[in-house]
Structures are given as C-alpha cells and as structure tokens.
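Asks: Need coordinates for the below:
(4 chains)
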There are 4 protein chains.
Amino acid sequence: MMTKYAVRTDLAVESKEKFEKDQVEIEGVVIHETYDRQRDIRTTVVSVESEKGARIMEKPRGHYITIEAPGLTQTEQSYHQEIAGELANHLQKIMGLDQRKRILVAGLGNMDITPDALGPAVVRHLVVNRHVIREYGADESGNSRVHEISTIIPGVMARTGMETLEILRGVVQETKPDMVVAVDALAARSTRRLNCTIQITDTGINPGSGVMNHRNRINRESLGVPVIAIGVPTVVDAATIVHDAVEHLLEALDEAEIEEFLAELIAPGLSSMFVTPKDVDETLKQLSMTISQGLNLAFSCV
Amino acid sequence: MMTKYAVRTDLAVESKEKFEKDQVEIEGVVIHETYDRQRDIRTTVVSVESEKGARIMEKPRGHYITIEAPGLTQTEQSYHQEIAGELANHLQKIMGLDQRKRILVAGLGNMDITPDALGPAVVRHLVVNRHVIREYGADESGNSRVHEISTIIPGVMARTGMETLEILRGVVQETKPDMVVAVDALAARSTRRLNCTIQITDTGINPGSGVMNHRNRINRESLGVPVIAIGVPTVVDAATIVHDAVEHLLEALDEAEIEEFLAELIAPGLSSMFVTPKDVDETLKQLSMTISQGLNLAFSCV
Amino acid sequence: MMTKYAVRTDLAVESKEKFEKDQVEIEGVVIHETYDRQRDIRTTVVSVESEKGARIMEKPRGHYITIEAPGLTQTEQSYHQEIAGELANHLQKIMGLDQRKRILVAGLGNMDITPDALGPAVVRHLVVNRHVIREYGADESGNSRVHEISTIIPGVMARTGMETLEILRGVVQETKPDMVVAVDALAARSTRRLNCTIQITDTGINPGSGVMNHRNRINRESLGVPVIAIGVPTVVDAATIVHDAVEHLLEALDEAEIEEFLAELIAPGLSSMFVTPKDVDETLKQLSMTISQGLNLAFSCV
Amino acid sequence: MMTKYAVRTDLAVESKEKFEKDQVEIEGVVIHETYDRQRDIRTTVVSVESEKGARIMEKPRGHYITIEAPGLTQTEQSYHQEIAGELANHLQKIMGLDQRKRILVAGLGNMDITPDALGPAVVRHLVVNRHVIREYGADESGNSRVHEISTIIPGVMARTGMETLEILRGVVQETKPDMVVAVDALAARSTRRLNCTIQITDTGINPGSGVMNHRNRINRESLGVPVIAIGVPTVVDAATIVHDAVEHLLEALDEAEIEEFLAELIAPGLSSMFVTPKDVDETLKQLSMTISQGLNLAFSCV
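Replies: Next up, the predicted model:
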C-alpha cells in the first residue's frame, strides 16, 4: 500500500510499529521489548530471522537494538552517563568484547551539515590507541587488557568523489581490523524519536541516501569483517511529516486519489527539505559526547 | 479564518498573497511589483499606509521591499554579485545614503544554530571604519566620502539574559549612530522562498520570537533612530508545512473539524520543529557573503 | 634598564619576579604566596598599595591573585574541577558574593583567533538568568538565593568599530548591573605560564593591546561599577622569547650594544608574531570550560 | 656544524640558503631562480640530482618549486587569483596534465589546530567529479576533457591510530588513481616566509613530524603512483627563532659553549611551542582558497 510514496525510516522499531498498527504478526520477525520505568528507557530488540521477514520489514536479516530515552534531549549529565553505560553493555554483547579485538570505528556523514555530523562528532571524542600498541606493544604500553582502536572520518561522496564503501574497504584491507563500527545519523518517521533514540544493529548500514541501494551497503559481505552500525535519527523528511499528519484524513480516499494528492502537494518543494528541532546544534553536541563515552567505556577493558 | 492556528510568516509579500488568493483588495495597502525576466528577479514593494492595513496584514505601517531570486540558492558567483548590487540600490534609497551617515549594523540571531546565524554571519564580513575615522578623522584617513560604519553581534536573550533591545539601546545611546541596520533570519510560510528571498523594511524587527511582542520591537520608536531591517527566510515552521499541504483537502470540513484535526495532529511533536533544506549550512554561508557585499557596496560612497 | 625593549607581561606575578631577581624590595607592594604541594597549586596575592608601587610594577593599584596550576594543561577532569572550586572561592571573596548581586560578565577578545578566544569561550558556557528573574521574579523562579547573571561578547574594535569600553558603558547604563566581570586572554613573559595560570584582579583590564593605554581601560572609574578581571596568559610575544633566551648572554655587553643587537635582530619579522603551544586549540577549549565552571559555582548561591 | 640542534625546515629553498651563506656550491644540486618584479613573485626551482646532493640538502632527490609572494598575506583578491594561476601552470607541467589523469588529492594535517589545517581546508574547496564520471561516464556528463578528481582528508595519527600512509595506501589500492597530490602545512626556518610561500615537489612528503622518518614517507615508492606534494610554511619552531636571533652573537663561542647555551636555554620550555602570526586564522582561510583555486584551475581542462 502506498508503495510509491512509502515514507522512509531507518529505524527497525518504526517498521515494526507500522505492522502493529495493522495488528499483523510478521512471520520471521521476533520482538522483545523492555521498559525501565524509573529511568524512562525503552529497549526493543527486533530480530529479523527470515528472508520473508526482511522483505516485509524492508530491513536486512539481523538484530536491531533500539534504546529510546526521551531524557537524551535534556542536559542532565548523570542521565547521559547512564545511557552511555547502557550502550556500552549492548555493544559488549553484540560485538563479543570479552575477547580482545582490533576495531575500526568509522564516523559517516557530512561534518558541515549539522544533523548529518553525528558520526564525525562521535569519532572525534574516541580514545584511539592502535598506533601506540603497534609502536610499543600491548604489554609495554600497559594496554594488554584493552581493545585496539583506530578511527576514520571518510567524508561524503559529494565531497570525496568516492563511495564510503570504497574508502573503508581500502582501509580495512590495509590495516586489518577484526570488526568495523559505523556511526551515522539516520532518518526517522516520527519527530518524537529525534535525537533521543539509539539504534544498534549487526546488519551494517547504507551511507547517506537511505535509498535501498544494496550495492554500496557497508556490511560483513562488502567489507569482509563484521560491521556494527550505531545510528541516531536526527531528521524526518518533510514529506513524511505531511504524510503522517494526513494519514487518517486520507482513509476515506481511494489509492489513486491519495497518490494524486501526494504528488501534487508534496513533490515540488519538499523533496530536499527536512524537519529538525530548533536546538539541533546543541542537542547533537551533547549526544555525540554520550555515544563517544559509551564506545570508550565498551572498549576500555576486555 | 483559522485564526487559532494562523500560520506564521515574517514576509509581507506572503501576507499579501494570502489576500490575493481570496481576491480581496486590502484597504490602505499599496503593492508594486516588477519582474526582471532575464535574471529571474521579482521585486515587490508593499506599502502599508494605514492602521487598518496594518491590522489586516498583521505587519506595522511602513515599506516592505522583497527581492525574490531563486538563483541565490545556487553557487553562480556573478549572479550573487548582481543581487548584491540590487540590494545596495534599494538600501541607498531607503536609507538616504546620498547624505553621509553614521550607521550601526546589528547582526541578530544565534550564531550556533545554523539557520539562525545569518545576522552574525553577515556582520562578520562588513568593512568597519568608525574607529579609524574617529582616530584619524574622515579626511586624513581618505574616508571623507564614505559612511561611518560600526557593527555589533548582540547575541540572543537565552545566552545574554538581556533583551536585544536593551543592548542596542545602550550601544546607540553611547555611540550615537544616525541609523541602525538590523540583519536577521526570518520564518517564511512557503519552503519555496527559503534562502532566496531578501526583505528590506523601514519598520524595524522583532528579534527571535516572531511572536507579535511589540514591547521589544527594535524600531525608531524604541531606539530613537531610524531602523532598517534586512531579513532572509531560512526556516518554515513544521506545522505550517502540514497546514499548507492539507489546506485544499480541508475545504470540505467545517471549522470545528479542522481545529480538531490540527490540534490532534500538529500540536504534540511539531511545535519546536522547523523545516529547512539539507544544504542550509552551505547556502547560508554564501548568502551571508552576498548580503555583506550588498551592504559594503551601499556604504562605500556617498 | 632596557626600557626601550621592555618585554611585555600582563601578569603582576611576572612583574614581581623581575624585581626579586634583582633582590629589590618594592615599596608599596605586599606579596603573599602559598603553595599547595599535594595538588601543585601556587597562589600568589600581590597587593599594589601605593602610587609608587604602581609605577614600579607598571600595574594599577589594587589586588592581583594568581593561581598557577601546571596540571591545567592536562586533561585530568577532577583536577580541573578542583581549580574551578579554587577560582570560585577567590571570586566569592573579592566580589563580595555573600550579598546578592546583579553581575554582567563580558567575554573580551576575538573569537576567530584561537589564543584570543578565551573570553568568548568562557562566556558561552555560563548559566544566565537575568531574563528569567525579570520575567518571573527571583522567588517565583526559585532563584531567590542566586545572583542575577547576564553576559555579553562585545567583539574587538577592528570588527565593531567601537571601543570595548563604549559598548560595555552603554550596556551597563541600560541594564544597571552591580558589578562587571571581564574575562580576557593575556600575554605572558614566560612560556612556562601559558594556559596554566589564572589571574584575578580588581583593577580592571585593558582590552586587546596590552599597551598602557589608560584612556580605554575598563575599570570602576570608566564604567561606574566595580570591575573584576579574570585573565589567562595564552601567548608570549615572539620577541620576548628571544630576549629572555639571550639575557644572560648579553650581560657582557653594554646597553648600546644590546639595543643595537635587539633592534637589528628582533624588529623586522617578529613584531606581529606570537609563541603558543601546538595544542592551544584543545587546551583552551578545556580551560574555558574550567573557568566557566568556576564562575557558575561562584554565582550559584549567596 | 651544530648538528645536534640543527634547525628544522621543510623548505628546500631554505636548505639552499644555508649553503649560499657559506658560499659553498653544492654538488648535484641545480638552482634556477626568476623574479617577477612587478608582482613581487620570486620563483625558485631547486633540482636535487644526486644522492650526494640529497645528503647535503637533507632532502630527497627530485624537484622543488618555491613560489614566494609576500602579497599572499594581504587580502587583495586579484593578486590571489594571479598566484592561483601561477600555481596551476606549475602543476600542469610537473603533473603532466596534458594527458587526462585520475587524481586523488589528500589534505593532510589536523583540522582542529589552525596552522595545521591548511591541507583539509584546501581539499574542502576542490571540485570533485570522480563519482559523477563513474556514474554517467565522462562523455555523457560533459566531462570528457577534464581530469577525474577525488579527495580525502585522512586525519592525523593521534586521532586515527593509523599512519597517514596506511590510509592512503588502502584508498589508492581500492580506487586506482594515476597520481596523488598531498597538501600539507610545513615548518619554515624564517618567519619571513610564513603563509606567503608555496612549495611544490615531486618527492612526496612526511606527514606531521618533519622528522626524517623515511619509513612513512608518502611518495611514489610507498604508494605505487607518483606523488606531488604542495606545502605552505605556517609555523616556525620557537627554538629556531632563538637560534637564528643569536647566531651572529654565538660566532665568538666554540661549539661546546654553544651547545651548552642552547641546551640550557631552549630545551625546557620551547620544545612544544611554535611561532605564528597573530592573524593566522584569517590568513590561512584565504590562502587555502587560493590554493584550491589553483588546483581547480589546473584540473579543469586537459
């Protein structure tokens, strides 16, 4: 339904909701949800276990952990630290960090466009030690119980002329990490989730577009090593806002009428517009620190 | 109609359009429009001449010059230079720059929020000479035929704890300029006008809010000297997008139903959201240079 | 001695040292020094009590508190917090913060030149409440036991065309604070003190130049309210480096020879050069946070 | 002589001067100098032709073109454009741009430390087209007569944990450019050359250190394709300033005394200090635009 104007979301938890609304159970998709009332943190694990489930969800097979924490848009520091701890716990499990690992963290996105700069901002605050370990050894440097961390900010294709995948593939082949972590800003369907939701997945990531362009997906298949993606929705497409607002209203219309309506009203101006909160600069500065802390914590001991 | 959810616009040219659509002629409002087809520049002068006109337009009495130039969102440098020249011409007339003037230019807005940083960005590229003229005299410094320029970036109230009006009033009383030029980012109603429309007015400006808060309006009455405001719409309220998209659709409903619809759908998430183009950072960097050039040109000789 | 090429320092503690080296006691200057060995913090209070002392020290009469803490150039967070506490203690005493005060904090300097951006950077992290108290009252806002804080970043004369003093005088007259705190970057004589020394004084400050230009000094006399200046040395003039390095070497020469040497070697290239550590961007980011914390702490209760 | 405290320079033209002063002719080094009096541009080509010459010059065999243009520190735009043209001419020759080439431009250095940010700043203004040509073909895209350009900002080892060479080697192997251009900030010996000298060489570059660390040199040998390096001196080591200032003075002393002097005075404070002009932020912003223009010009047609 409404395939042509399908609203975009990078969040598995939002794909899931679409079907819940229709009270459909999705074959091959297992959902596990917990809610920490005291801290107002909702954690949802969506496991897409079959190809059929993947087609319905429009998401590759694998695990999607979503941490929803409305307090993340506030400045309360102790709350941010708890979320960093929560993030670290999930990463240690999904990445198997009980074994010492060499990890390359890639900060995707355009650092000159505020809501797209999450990845680079996270990477800039990470503790990096690969060069020290390789110069002095893990033992001599007192680092024998930590993971070996390197980072890269590859930039976006419009600036580099190269696919993000090409750059990462070259760096992976040259420096041989055991795993890649890719951090990127995402698009959500609902403004309610902006800047207060963290998604962790072992299915990799499509840089930039959000278009289902499988060719350049950054994942185990394309890079040769496992890829964990960490994403935060920072924008909603402007067209999505309109779509969702009128959805109920449109129920009376048939599909042709709906398409006509959408084509006429949404198409011209909104295609390159996005919706974002007024304080996005400040919010993302803080949130990127929180995610950096989570990563530093996860990587700090085996 | 729809007063409770009246969409906000800082552009007189958009207030005007609202009435044209209803084919209403507005008493006390004179409109003069020219279109330069070759360069695709539309210039509209709206003169609000009576209190009645002001009430209807929801804009103070005075003149509103709007330059609409879609090419401003592109990078073509020669086009930007032409717009700078156009802007300079209008300023020389409305400011009476055939007489030597002492001018204080104020860059309003929050320089840390991209779409709100237009004012500070413009001011940073202005040629300033008040201190030179006061040290060496206008003649000795070879500046006898130029205006005396000073600038200030007052910051926003949430950061300073002071009304922008208080800061400007203090600086005006201490440094005695003949006029104030205030540059600020505006809110538009239509995404079509974002970052490619310049409004010049002699009615002053309300910093920040866009709320009709007359108490702190920066104008001749509050500052004691004439105030020219230069504004560029850089955002559209997210709620406005939805409102405009569904307007036609809503025509079948009665007012109560419409209000219910809007209250239900728009209110919760969208109030603090705005819509802005994906490349707003780059576009505003360039546009602020263009406006700076226009001001520098206008101020460069008597 | 060597008056023509007198090296510049904004630090009273360095003026003092010059005389100690010559084992001269300075009439009208009282010095009190304490050293906290455990935390490696040296605190020196220089009181210039007579006009004669002021002439010799080349510093106005008043009190100069210097906190020297080498650890400030490191990233150890708990250490930075202790220094913030130390700074808050000194401020509470010298500002008389046991009485509720209305305080305007001014961040002097050029935010686009890294080592000059300390003042603006400090001010950006302050908790500001004047606008809230004036809107809701101190009691209603739960703020009855805090000071009323406003801030301004006036910019530098080359950018504004106005003396910093003019801007502050206008804002003070309009908003009537009880005191002004001015934060600025300073020049030191020794690279050893860069970015790890904080000077607090009740004698005000000369923006920018460091030249003894009394006309535009920001102090109680020129502003009409007490002025506390907080400064951190972030640069050493390049000529000073050379001077200090060769000082011992020059002892064999007579004054004419020395002047010839200095005139020949230092003059041409170095006059517009300064010396600064390679990591000045990072160091100042952190240090400005520490000073902000100190101010926020000092202002947070009566 | 003075080997232990040998002052560092990345400029071949300064290595050359050292020997001219001693009126020594250097075997295996050919020098060609031209001076454009009208525009005050001095161009020096130093060709290091033998291993012996390389040892004496402490620079690898190859060609070093130096453009010295004092006007570059000024804001005169037409002058900057002429230098961009000059740079383009030299690049077209040394890179063989009469044949269509695939070129990867790497912006080396730390974008968060102003005088080290030249490389990243240059790369951000380049016109990039590799992705367009690969998607649409050179002919379809109307690009058949232009070179294929991609860019990367690899970051510094302290941030990435990887040698710059490792990152570039990976990207080169994956994307197969015909040549690499590396842009970086350099250290000079004299403040006179800061920010107004451009060195082009076909010998590659040592990222960061300036130490003669041949292992990680980025050149044809290590990358497998020709490497052209473009550098601008933006800092002088603080110790160098002192050394040069006292050089004449030291002539009377013997080598042991000199070493003692230098060890005592320079060592402690200055090792991590550099000298840079007060307006380095503004100057480098402009200079990086000029070099970008030169590169864009050189790459714009075959």
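Asks: Who are the contact partners of the closest residue to chain C within the stretch 201-302 of chain A?
Replies: Each residue of the stretch 201-302 of chain A has a distance to chain C, by Cβ to the nearest Cβ, and the smallest belongs to residue A:282, at 10.8 Å. Bear in mind the C-beta positions are built from the backbone N, C-alpha and C, glycine included. The neighbours of residue A:282, taking Cβ atoms under 8 Å, 6 or more residues apart in numbering or on different chains as the test, are B:112, B:113.
Asks: Which secondary structure element is home to it?
Replies: Under the assignment given by DSSP states H and E, the secondary-structure element containing residue A:282 is helix A:280-299.
Asks: buried sites along that helix?
Replies: Buried residues in helix A:280-299, counting neighbours by 16 or more other Cβ atoms under 10 Å in any protein chain shown, are found at A:280-281, A:283-284, A:287-295, A:297-299.
Asks: hey, which helix or strand in chain A has the poorest pLDDT?
Replies: Averaged element by element with mean pLDDT, DSSP states H and E, chain A has its least confident helix or strand at helix A:267-270 (a mean of 53).
Asks: after it, next one along is what?
Replies: Past helix A:267-270, further along toward the C-terminus, the next helix or strand under DSSP H and E is strand A:273-277.
Asks: angle of that next one against helix B:280-299?
Replies: 90 degrees (axes from the mean of the first three to the mean of the last three Cα atoms, to 10 degrees).
Asks: which helices and strands does strand A:273-277 pack with?
Replies: Applying 3 or more Cβ pairs under 8 Å, 6 or more residues apart in numbering or on different chains; DSSP states H and E, we find strand A:273-277 packed against strand A:227-237, helix A:238-250, helix B:238-250, strand B:273-277.
Asks: Name the residues that touch it?
Replies: Contacts of strand A:273-277 with the rest of the structure, by Cβ under 8 Å, 6+ apart, involve A:73, A:114-115, A:187, A:191, A:194-195, A:234-241, A:283, B:191, B:238, B:241, B:270, B:272-278.
Asks: Can you show me the CA trace of that strand as PDB?
Replies: As requested, the backbone C-alpha atoms of strand A:273-277 are provided in PDB (Å, rounded to 0.1, in the frame of the first residue of the first chain):
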ATOM      1  CA  MET A 273      13.600  19.600   2.900                       C
ATOM      2  CA  PHE A 274      13.900  18.000   6.300                       C
ATOM      3  CA  VAL A 275      12.400  18.700   9.700                       C
ATOM      4  CA  THR A 276      14.700  19.100  12.700                       C
ATOM      5  CA  PRO A 277      14.400  20.700  16.200                       C
END
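Asks: next one: that strand to chain centre, how far?
Replies: Mean C-alpha position of strand A:273-277 versus that of the full chain (Cα atoms, centre = their mean, to the nearest Å) differs by 18 Å.
Asks: What of stretch A:91-104?
Replies: For stretch A:91-104, the gap between its own C-alpha mean and the chain's C-alpha mean amounts to 18 Å (Cα atoms, centre = their mean).
Asks: tell me the contacts of residue A:179?
Replies: Counting by Cβ under 8 Å, 6+ apart, residue A:179 makes contact with A:95, A:101, A:102, A:103, A:104, A:225, A:226, A:227, A:228.
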